[in-house]
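*Asks:* What follows is a protein structure lacking sequence information:
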């Protein structure tokens, strides 16, 4: 029944969010003479949300939003050295070593011959392609699909493009908001594999009546797929 | 014979490059106390090329590279106000009014029922989607395909995904390097519609033996397609 399995990338295949939170923490310390740490995070989130429609998701937009927030928080006193530090931290996000989450490679190995596998992400294309390459997981996947957002309309468009029926598609991801609910809404399948750190923006889930399967670890996917 | 026509976006469907050159010029004036205008452009291009593999193409990476160049050129003296100005100019690139190139809409109107039309671009997904929406041309296109680069391998992968033969695909674009030569190399069709302003990076074309058609304006496409 299932023909194509889509995997979210960040915090589903590999660790991502902690690197973003770590950068935010370092910026908080850099700006602590102007504002307490948690207020810096609040301001940053506010500016990220304001810029989201313009920048989309990913490390480059995140870095630009941090710079904007930093100039504002410092009352225009941000120094050239601090700007360089923020740019360097932003680049580090794009070159972090990839730490694949436990069980992922085993699962991909077990299912690769039975399904077509696709990475579906709303990050930056080049960043996600580079990460997939650095991860060494790229040979498991048919291609990377970059979507500007993960609303139901984006999934139904994608399923159309893949030329399958919704019920033949299964999405796996750590975000209830982005990887599970919108997929169920278009009549496709989704399984939630939570990660301990979730970006505030992904936590804003509206009320819903969907039932879905939550796995404690991605290994548990194998027996589930056998029953499908 | 031709089933799908791919259109490059920037400087093929609408004006783009002049906005980038204008921003570069403004940065040059901002930094003229440190370096003559043309040296600023040289430095900027050098840093853009160094960051290309990490950032990919598009306005966000361009803005980050400008910030990096500006701090370096100013010897770390870049002020908070100047950083804000660069961030604002970068955002302006993402919100410029779209000026559709002459003839484009007429051509799309004439061919939309005979071919599947796709936008193929290496810019930022969200930026290109927003531009397509602002242009009002979105209803002509089946979808936007974002590629991390426009090498032959990217076109052959795309043609595979579209499930057609290379000879059934035609690419139209202003860049010989990105829109014409790599397409011909994979056995597909390409037509060159030059634009008067071309980014230095796109001018670096290697020697080749390909013959291709160059149109002075996109209107000339209609009689050409009738003969195909």
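*Replies:* Noted; the coordinates are in hand. Computed from a predicted structure; not experimentally measured.

*Asks:* Do stretch A:155-171 and chain B come into contact?
*Replies:* Yes. Using CB under 8 Å from any CB of the partner chain, stretch A:155-171 reaches chain B at A:157, A:161, A:163. For every residue, glycine as well, the C-beta is placed using N, CA and C.

*Asks:* Now secondary structure too, for these, in TSV please.
*Replies:* What follows is these, written out as TSV (DSSP: H, G, I helix; E, B strand; the rest coil):
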residue	secondary structure
A:157	helix
A:161	helix
A:163	coil
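
*Asks:* Just the buried ones from those residues?
*Replies:* Listed as buried from those is no entry at all; burial here means 16 or more other CB atoms under 10 Å in any protein chain shown.

*Asks:* Which one among those residues sits at the bottom for pLDDT?
*Replies:* Across those, the bottom pLDDT score, 85, is held by residue A:161.

*Asks:* residues in contact with residue A:95?
*Replies:* By CB atoms under 8 Å, 6 or more residues apart in numbering or on different chains, residue A:95 lies in contact with residue B:54.

*Asks:* if we can go back for a sec, can I get the residues of stretch A:155-171 next to chain B in JSON lines including distance to residue B:49?
*Replies:* Shown next, in JSON lines, are the residues of stretch A:155-171 next to chain B (distance: CB to CB, whole Å):
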{"residue": "A:157", "distance to residue B:49": "35"}
{"residue": "A:161", "distance to residue B:49": "33"}
{"residue": "A:163", "distance to residue B:49": "39"}
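
*Asks:* Flag the shaky bits of chain A, pLDDT-wise.
*Replies:* When residues are selected by pLDDT under 70, none of them lie in chain A.

*Asks:* Longest helix in it, please.
*Replies:* helix A:37-55 (DSSP state H).

*Asks:* ok, back up a step: closest to residue B:100 among the residues of stretch A:155-171 next to chain B?
*Replies:* Nearest to residue B:100 among those, counting by CB to CB, is residue A:157 at 24.1 Å.

*Asks:* The residue lying farthest from the centre of chain A and residue A:71, how far apart?
*Replies:* Distance from the C-alpha centroid of chain A, by CA atoms, centre = their mean, peaks at residue A:77 (32.8 Å). For residue A:77, the distance to residue A:71 equals 9 Å [CB to CB, to the nearest Å].

*Asks:* Over to residue A:194?
*Replies:* 36 Å.

*Asks:* Show me what from chain A comes close to chain B.
*Replies:* Residues of chain A found near chain B (CB under 8 Å from any CB) are A:51, A:53-56, A:60-61, A:63-64, A:67-68, A:71, A:74-81, A:83-84, A:87, A:90-91, A:94-95, A:124-127, A:129-130, A:143, A:146-148, A:157, A:161, A:163.

*Asks:* Sort out for me which of the residues you listed are in strands.
*Replies:* Residues of the residues of chain A next to chain B located in strands (DSSP state E): A:143, A:146.

*Asks:* Kind regards, and thank you for your time.
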